[in-house]
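In: Need a 3D model of the sequence below.
(one chain, ligands or ions: 1)
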Amino acid sequence: MNADTKPWVLVTGGAGYIGAHTCVALLEAGYPVLVFDSLVNGSTEALARASTLGGGEIAFVQGDVRDRAALDALFARYPVSAVLHLAGVKAVGESVARPLYYHEVNVAGTLTLAQAMHAADVRTLVFSSSATVYGAPARMPIDESAPLAPNNPYGRSKRMAEDLLRDHCAAHPEWRLAILRYFNPVGAHPSGQLGEDPLGTPDNLMPFVSQVAIGRRPELAVFGNDYPTPDGTGVRDYLHVCDLARGHLAALHALPAAGGELTVNLGTGRGHSVLDVVRAFETASGQTVPLRFAPRRPGDIAACWADPSRAEQLLGWRAECDLDAMCRDVWRWQRGNPEGYR
Ligand SMILES: NC(=O)c1ccc[n+]([C@@H]2O[C@H](COP(=O)([O-])OP(=O)(O)OC[C@H]3O[C@@H](n4cnc5c(N)ncnc54)[C@H](O)[C@@H]3O)[C@@H](O)[C@H]2O)c1
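Out: The predicted structure is shown next:
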């Protein structure tokens, strides 16, 4: 299809880590891409690079998803066929300190967006949710029928946003809603041009490990080595961000036929411990990553990995990249951009 004849796909939060990679995947598939982002944690440089990598232009409007008037103006100006809603705040620790901010952006922001979409007759939405909605489930792997019991304000904000969208979708059968529960996105674009660029101290393991490897930080603190896991450190389902980006595309393609709402895990189905990640990163980078063991962090769980079979069944999607590829790509990004996009 010719890009000129297709209406826009709107990516909220498109200037962020996952959003920029998703913009590349959309452009490569021929979609005209429109990004709406407040830039509170995003970068126009990421958008410029995504545009070059994807081989197409990205229209950009700076704004906040809590701002109904800005969203109304956006929908009035651009014909939009579907929205990928990635804008949000995502740090578990910060959400404990600033719960109202998290609920305002993640819950009220999602509500405002859904209202603006409904008013503008835009009926297709792909929503970024998170495995944190499951809390600390009793059984692994986690499938989508596991009880939702988030144990921090961030996870609760995602569950509330899911609930309000599902309720709206149930009341309006013409809506198409895909809720994507991401496990642990890591990695970078294989070109080394796009990657995760955390402000301040990274909250997540992989960017921390790569900053230690490049010498920006002296050592990695491993929180807990007495968990009931094979080596005592926490186990997570790490997923390459380019696989995740493809997942959004797969959801977009599946929605018209799916009807109503679908909720899927996006993960690899494999768990890796903190020490597995450190070893893989050392191999990929040729650097040593000094570490020390520290006490467990409150709220952390021992292990968490996905049953991704529903995503394969409903979206025809499965993750392709392994941990070595994730580490290689992070290292290429880190080496080429030691200060991120700055
Ligand atoms: N990275 C992860 O580990 C992870 C895991 C599960 C789910 N998610 C979800 O995926 C989405 C994207 O995450 P990411 O890792 O790319 O984060 P990110 O911070 O890199 O990107 C989020 C983007 O949203 C923008 N934004 C924030 N608040 C906004 C607002 N009020 N209005 C408009 N734009 C706003 C930021 O400027 C940023 O560009 C988030 O919704 C996050 O909760 C992320």
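In: Any stretches of the stretch 1-150 of the chain with poor pLDDT?
Out: 1-6 (pLDDT under 70).
In: need the residues of it near the ligand, please.
Out: 12-13, 15-19, 37-42, 64-66, 86-90, 105, 109, 128, 130 (CB under 6 Å from any ligand atom). (Each C-beta comes from the backbone N, C-alpha and C, glycine too.)
In: mind redoing it with 5 Å?
Out: 13, 15-18, 37-38, 40-42, 64-65, 86-88, 90, 105, 128, 130 (CB under 5 Å from any ligand atom).
In: And the helices in the stretch 101-250 of the chain?
Out: 109-119, 153-171, 205-213, 241-258 (DSSP state H, counting those that start in this stretch).
In: Please give me every residue in contact with the residue in the stretch 201-342 of the chain positioned nearest to the ligand.
Out: Residue nearest to the ligand within the stretch 201-342 of the chain (CB to the nearest ligand atom): N204, separated by 6.0 Å. Contact analysis of N204 by CB atoms under 8 Å, 6 or more residues apart in numbering lists N184, V186, E196, P198.
In: Can you get me a residue count around T201?
Out: 9 (other CB atoms under 10 Å).
In: List the single closest residue to it in space, sequence neighbours excluded.
Out: F208 (7.8 Å; CB to CB, 6 or more residues apart in numbering).
In: do G54 as well
Out: G54's closest residue in space is L27 (CB to CB, 6+ apart), at 2.7 Å.
In: same thing with A119?
Out: Nearest to A119 is D72, by CB to CB, 6+ apart, at 6.9 Å.
In: Could you do A149 as well?
Out: That would be G135: by CB to CB, 6+ apart, it lies 3.7 Å from A149.
In: Just confirm that neighbour contacts Y154, I think it does.
Out: No. Contact between G135 and Y154 fails when scored by CB atoms under 8 Å: they sit 11.5 Å apart.
In: on that earlier part again, state the distance from the residue nearest to A149 to the ligand.
Out: 14 Å (CB to the nearest ligand atom, to the nearest Å).
In: and the helix or strand hosting A76, what does it pack onto?
Out: Counting by DSSP states H and E, the element that carries A76 is helix 68-77. When contacts are defined as 3 or more CB pairs under 8 Å, 6 or more residues apart in numbering; DSSP states H and E, helix 68-77 packs onto strand 33-37, helix 109-119.
In: Pull the distance from the helix or strand following it to the chain's centre.
Out: Following helix 68-77 in sequence order, the next helix or strand is strand 80-85 (DSSP H and E). Distance of strand 80-85 from the chain centroid (CA atoms, centre = their mean, to the nearest Å) equals 16 Å.
In: Start the count at 9 instead of 1 going forward.
Out: All right, first residue 9 from here; so that's strand 88-93.
In: neighbouring contacts of strand 88-93?
Out: 14-22, 27, 30, 42, 73, 82, 118, 121, 125, 128, 130, 132-136, 256, 260, 263.
In: For it, buried residues please.
Out: Going by neighbour count (16 or more other CB atoms under 10 Å), the buried part of strand 88-93 is V88, A90, V91, L92, H93.
In: same question, stretch 195-213
Out: Neighbour count says stretch 195-213 has 195-198, 200-205, 210, 212-213 buried, by 16+ other CB under 10 Å.
In: and if you look at stretch 95-113?
Out: A95, G96, V97, K98, A99, V100, S103, Y110, H111, V113.
In: Quick check, the fifth one in contact with T209.
Out: So the one you mean is A99. No. Look at A99 against T209 with CB under 8 Å: they stay out of range, at 10.3 Å.
In: Name the nearest of the buried residues of stretch 195-213 relative to the ligand.
Out: Looking across those and measuring by CB to the nearest ligand atom, the closest to the ligand is N212, at 6.0 Å.
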